[in-house]
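Asker: one predicted model, sequence on top.
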Amino acid sequence: MDFTLDKKHEMARSLFREFAENEVKPLAQEVDETEAFPVETVKKMQKLGFMGIPVPKEYGGQGCDPLTYVMCVEELSKVCGTTGVIVSAHTSLCIDPIMTYGTEEQKQKYVKPLATGEKLGAFALTEPGAGTDAQGAQTKAVLDGDEWVLNGSKCFITNGKVADVYIVIAITSVTEDKRGRKKKNFSAFIVDKGAPGFSFGTKEKKMGIRGSSTYELIFEDCRIPKENLLGPEGKGFPIAMHTLDGGRIGIAAQALGIAEGALERAIAYTKERKQFGRSIAAQQNTQFKLADMATRVEAAQMLVYKAAMAKATQRVYSVEAAKAKLFAAETAMAVTTEVVQLFGGYGYIREYDVERMMRDAKITEIYEGTSEVQRMVISGALLK
Amino acid sequence: MKIVVCIKQVPDTKGGVKFNPDGTLDRAAMLTIMNPDDKAGLEAALRLKEQHGAEVTVITMGLPKADEVLREAMAMGADKGILVTDRVLGGADTWATSTTLAGAIRNLEYDLIITGRQAIDGDTAQVGPQIAEHLGLPVISYAQDIKVDGDSVIVQRQYEDRYHELKAKMPCLITALSELNEPRYMTPGGIFDAYDKEVTVWGRADLKDVDDSDLGLKGSPTKIAKASDKVRKGAGEKVVLDTDEAVAYLMGKFKEKHVI
């Protein structure tokens, strides 16, 4: 067992770090303040291939592995949580299901422009009445001749409105089990922006990741071609769950990056900040806090990288992804909260990045499966 | 067109400079980067490749670890990498280095050789022009702009207050300034490809038309008496006074320091 990264991954990390420091960090504060989607940054990432890192070259990607992609999200999130989730939702939640379940035609038509970054992707499962309990969903799809007709709405959709391609999960039939209980059967669809009957509702105003575009999607007799069904009819729920397994690794990487970014700032700040005639880093309280945070962050990194390697080598990686996301998200929240405390009053001021990081961290415990859902996945596997 | 770019792996001086007890640089203890002037030279070559079509070969002399800087160049878009490494080449000054690189480049076909103006660890600006001398090529140093026109290059050579525009027939050698351009980033796929490719490794035996007496520490006429980190200047003293007071203040200081 070797815990050292090989040279090519080290070099990839240095690339992501350099890009994040030079291109992303200077805008992070402004993106948060103005809640503006960082269009120019996404264009730059497109040019460098960051929008299709784990996608094979024949489909327009970079031909790298999930670990490289995870390191990209990690390094971006160290300086800007918003930028991290844009890449994560696009890659894990939109490209990945098409690569995994799409036909060759769908891959050619959709993955290529997504992986080159020419188009941006999103994923829509959550509805107002269906968060953790996906069975509460109402959005329906009915086949009418050569078209599927979608009706309903989706909420809290990352990359909403700015994306060009949406993976939408909708009910295609309702069956009864032996005891007469109704069960909704879902299917997955690829929906292009501009499809007739597809529009956007309100933009959400959020606590953190404020530059990320979060919208409600509305489908009113939205018609999409029959061939835009993704995977077999009725298999939408397992497709969504498998997609979220991958997505959780991306979010775990985002959370890890936020925690690492906050810790880096705490190390720099506590060395500079003087109280009682010496730097606060010279005080044992600070030293122990830094030590605990560093230990926890490294443990999170191990789980995240392990999950990324599991995605590369295993067919099923739900438990690895759940553990990584659970631990990394809770680490991000704990570390950013502690770092704000170490900064004292300055930590509470918007001028300092750590205030933003604490707000950004919170969502990682909630989206793509709450920490409670991750615990359900992990314990479910233990007690099977 | 075939372009050879000479690059060097140098200590990242932003991370501080560390020395061995004998006063030489402790390269192993320092983070390394591609020398900024060399990186600009590589970027210039890659742009010529995009505009005119070219094969870009990067070459470096150094420790086996210098393989990394070649991979970086290949991840940016260079086609081939050549590492010249051998124990007998160690401790080389600019003369021995340029002799070595010229000996390696004699094995290659080229229309244009680009080097950085100077490396941030030695700051001599000698190796590029010396390679040209060894190979009998015209040299244009301090390039702030490079264009290819048929079988010639048109280069703006920078001075403090002006530039000269020079035209030279290829083959020739150009030394590049870091102000020449903004080097591109690598790409993730480029990095993976760079590690899939082979880097050619050459030793002493592969150098053409060179004498042992011109190589390595033994072939280096320069002897370093002492090396030290740059002494950082203090912040200085800032005073805000009106003109008459300022003159009186300065005169007082000059007298105090026995300047006048």
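Answerer: Nice, thanks for sending it over.
Asker: show me the helices in the chain, by range?
Answerer: Went with chain A since none was named. Ranges of helices in chain A, per DSSP state H, are A:7-19, A:25-34, A:39-47, A:66-79, A:81-88, A:96-101, A:104-106, A:112-115, A:236-272, A:284-313, A:318-343, A:353-364, A:371-382.
Asker: I was thinking of chain B, sorry if that wasn't clear
Answerer: Under DSSP H, chain B gives helices at B:36-52, B:67-76, B:94-105, B:127-135, B:188-196, B:243-256.
Asker: before we move on, the earlier item: what's the closest of the helices of chain A to chain B?
Answerer: Of all the helices of chain A, helix A:7-19 sits nearest to chain B, with 4.2 Å by Cβ to the nearest Cβ. Placement of C-beta: from N, CA and C, glycine included.
Asker: which residues touch residue 33?
Answerer: Assuming you mean chain A. Neighbouring residues of A:Glu33 by Cβ atoms under 8 Å, 6 or more residues apart in numbering or on different chains: A:210, A:350.
Asker: can you look at chain B instead?
Answerer: Applying Cβ under 8 Å, 6+ apart, the residues near B:Ile33 are B:9-12.
Asker: and chain A, which of those contact it?
Answerer: Residues of those in contact with chain A (Cβ under 8 Å from any Cβ of the partner chain): none.
Asker: which among these count as buried?
Answerer: With burial judged by 16 or more other Cβ atoms under 10 Å in any protein chain shown, the buried subset of the contacts of B:Ile33 is B:9-11.
Asker: contact partners for residue 12?
Answerer: With no chain named, the answer covers chain A. A:64, A:68, A:71-72, B:188, B:191-192.
Asker: ah, I was thinking of chain B
Answerer: B:Asp12 neighbours (Cβ under 8 Å, 6+ apart): B:30-33.
Asker: I'd like the helices of chain B as a markdown table, with mean neighbour count and mean pLDDT appended.
Answerer: Putting those into a markdown table (neighbours: other Cβ atoms under 10 Å in any protein chain shown; pLDDT from 0 to 100) gives the following:
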| stretch | mean neighbour count | mean pLDDT |
| --- | --- | --- |
| helix B:36-52 | 22 | 97 |
| helix B:67-76 | 24 | 97 |
| helix B:94-105 | 24 | 96 |
| helix B:127-135 | 22 | 96 |
| helix B:188-196 | 21 | 97 |
| helix B:243-256 | 11 | 91 |
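Asker: next one: the residue of the stretch 51-200 of chain B found nearest chain A from B:Asp196, what distance?
Answerer: Nearest residue of the stretch 51-200 of chain B to chain A (Cβ to the nearest Cβ) works out as B:Gly189 at 3.4 Å. Distance from B:Gly189 to B:Asp196, counting by Cβ to Cβ, to the nearest Å: 10 Å.
Asker: pLDDT score assigned to the residue nearest the centre of chain B?
Answerer: When Cα atoms, centre = their mean is applied to chain B, the residue found nearest the centroid is B:Gly116 (3.6 Å). pLDDT for B:Gly116: 95.
Asker: residues from chain A in reach of chain B?
Answerer: Checking chain A against chain B by Cβ under 8 Å from any Cβ, the hits are A:7-8, A:11-12, A:15, A:18-19, A:48-50, A:53, A:57, A:61-64, A:68, A:72.
Asker: just the buried members of those residues?
Answerer: A:8, A:11-12, A:15, A:19, A:48-50, A:53, A:61-64, A:68, A:72.
Asker: mind checking how far A:Thr34 is from B:Asp26?
Answerer: For A:Thr34, the distance to B:Asp26 - Cβ to Cβ - is 46 Å.
Asker: residue contacts, residue 172?
Answerer: All of this is about chain A. Residues in contact with A:Thr172 (Cβ under 8 Å, 6+ apart) are A:140-143, A:185-187, A:233-234, A:236.
Asker: chain B is the one I meant
Answerer: Counting by Cβ under 8 Å, 6+ apart, B:Cys172 touches B:112-113, B:132, B:137-140, B:153.
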